[in-house]
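Undergrad: need the 3D shape of this:
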Amino acid sequence: MLTLFFSVCAAIILAEIIKGLSANGTPPVLQSFSWQMDLAYFMWSHIVKFRIVLLVILAGIAIQLDIEHPAMFATGIMIWLALWGGIYWLFNKFWIGKYKFLPITQKIFANAKDNVLDLNLPVIGVDINGEQKAYPANLLFYHHQLSDVVGGRPILATYCGMCRSGRVYDIDWQEGIPEFQLVGAISYNAVLRDSLTNSWWRQETGEAAKGARQGSQLEDVYFEQMSLKNWLAKHPESLVLQYDPAFEQKYHFFAKLLHYEASLPGWHLQQTPPMVVGIEIDGQAKAYDLLELQKNRLIQDNLAGKSILVISDEDGQSAFIYSCNLASRSLNFTLNDGIITDQETGSVWNHLGECIEGQHLGEKLQQLQSYQQFVRAWIIFHPQTAFYHFNAA
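TA: Alright, predicted model coming up:
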């Protein structure tokens, strides 16, 4: 009976470990299992029942025990309680999204003149109904999600550090405007829980993977990812979210993470994959290696029957994808001595898609929604993706 008693003790600890690790992004081995989401949601939804049932069984066994060595038994109980308490604290009060990455406490916005942030910081920018706002990627990296209102539209700006992807969603629901909380990371991607239905949402796709709204999809909001310098050059009237003073040191550290100057505990166990800029048109996806793009600076390609232009800025900090169609005409572009021109008219263009000299002066190419992230995350959510072969080009 004593063996059975401590076996149940071990089962209680094991249940806490499974619950904690199932929605925690650190162990790389978990990220390869398609059933990780099912396991995580099941354990999070039923952990209280597991605790109650196992403790009741434990109490029932304890009543029947014939203890020959009380001191040894008491020592075993104390060791078990210490292990259980430590693991419970680790996975319920520390190594859990809502405590590891605290929500922002102050939203401080500044215009270009009053901005104090480094202009080389990558930002997630939105332009809605004539109002523009930019959110530093390192700030979003720490908080993972941030609710705001832009142009009268409630939005959720997100960034997942494990896949290095930014996304923006509309959160104006009929039931109200939900608040979101970070659960953890599954399949190398952040999972968020809403306050209205407690459903679990994938940051990468905006899909409700579990819960009352399973199968629902958050509406995408168009955004642009680039350096703050490029964003303000394109949107000089934009507001820029400044650092929350309560987390300024965190933001500086996460800026170093984005530039591979620092690492988080446990991340040495994970391979650092290449970064890509990806695009999806009419169900067809394609990705471009960012390092190779920075070397080439300009690529003209075709996807889903559409001609597209993929550009990196001179500093290699931002990537842009544009439609090559201007009005009813399709243009072909070349890069010579750092100058972008179209072959049809010889007009000169900049990396922001603006014609700055020539027949098309003042005209702009249509920028297409693109995503910069780790290739492993792009493949997970775009398994049929194609890749541009720079060597062949």
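
Undergrad: all strands for the stretch 251-393 of the chain, in order.
TA: Assignment of strands within the stretch 251-393 of the chain using DSSP state E, counting those that start in this stretch yields the ranges 275-281, 284-289, 298-303, 306-312, 319-323, 325-326, 329-330, 333-336, 339-342, 348-349, 355-357, 371-374, 386-387.

Undergrad: of these, give the one that comes closest to residue 195.
TA: Ranking those by distance to residue 195, with Cβ to Cβ as the measure, places strand 371-374 first at 26.6 Å. To be clear about C-beta, it is placed using only N, CA and C from the backbone, and glycine gets the same treatment.

Undergrad: in the closest one, what's buried?
TA: 371, 372, 373, 374 (16 or more other Cβ atoms under 10 Å).

Undergrad: got it, and stretch 352-368?
TA: Buried positions in stretch 352-368, judged by neighbour count with 16+ other Cβ under 10 Å: 352, 353, 354, 355, 360, 365, 367, 368.

Undergrad: quick check: bridge partners of residue 333?
TA: residue 342 (DSSP bridges).

Undergrad: for the residue nearest to residue 229 when sequence neighbours are not counted, grab the count of nearby residues.
TA: Closest residue in space to residue 229, ignoring its immediate chain neighbours: residue 119 at 4.0 Å, by Cβ to Cβ, 6 or more residues apart in numbering. Residue 119 has 16 neighbouring residues, counting by other Cβ atoms under 10 Å.

Undergrad: likewise the one 10 residues further on?
TA: A total of 8 residues lie near residue 129 under the criterion other Cβ under 10 Å.

Undergrad: list the contacts for it?
TA: 150, 151, 152, 153 (Cβ atoms under 8 Å, 6 or more residues apart in numbering).

Undergrad: want to throw the strands of the stretch 251-393 of the chain into TSV with mean pLDDT and distance to residue 66?
TA: Conversion of the strands of the stretch 251-393 of the chain to TSV gives the following (pLDDT from 0 to 100; distance: least, Cβ to Cβ, whole Å):
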stretch	mean pLDDT	distance to residue 66
strand 275-281	97	63
strand 284-289	97	66
strand 298-303	97	74
strand 306-312	97	75
strand 319-323	98	71
strand 325-326	94	84
strand 329-330	92	87
strand 333-336	96	84
strand 339-342	97	85
strand 348-349	98	86
strand 355-357	97	89
strand 371-374	94	58
strand 386-387	97	67
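
Undergrad: in JSON lines: those strands, plus distance to residue 137.
TA: Putting those into JSON lines (distance: least, Cβ to Cβ, whole Å) gives the following:
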{"stretch": "strand 275-281", "distance to residue 137": "12"}
{"stretch": "strand 284-289", "distance to residue 137": "19"}
{"stretch": "strand 298-303", "distance to residue 137": "23"}
{"stretch": "strand 306-312", "distance to residue 137": "17"}
{"stretch": "strand 319-323", "distance to residue 137": "13"}
{"stretch": "strand 325-326", "distance to residue 137": "30"}
{"stretch": "strand 329-330", "distance to residue 137": "33"}
{"stretch": "strand 333-336", "distance to residue 137": "27"}
{"stretch": "strand 339-342", "distance to residue 137": "26"}
{"stretch": "strand 348-349", "distance to residue 137": "26"}
{"stretch": "strand 355-357", "distance to residue 137": "28"}
{"stretch": "strand 371-374", "distance to residue 137": "9"}
{"stretch": "strand 386-387", "distance to residue 137": "24"}
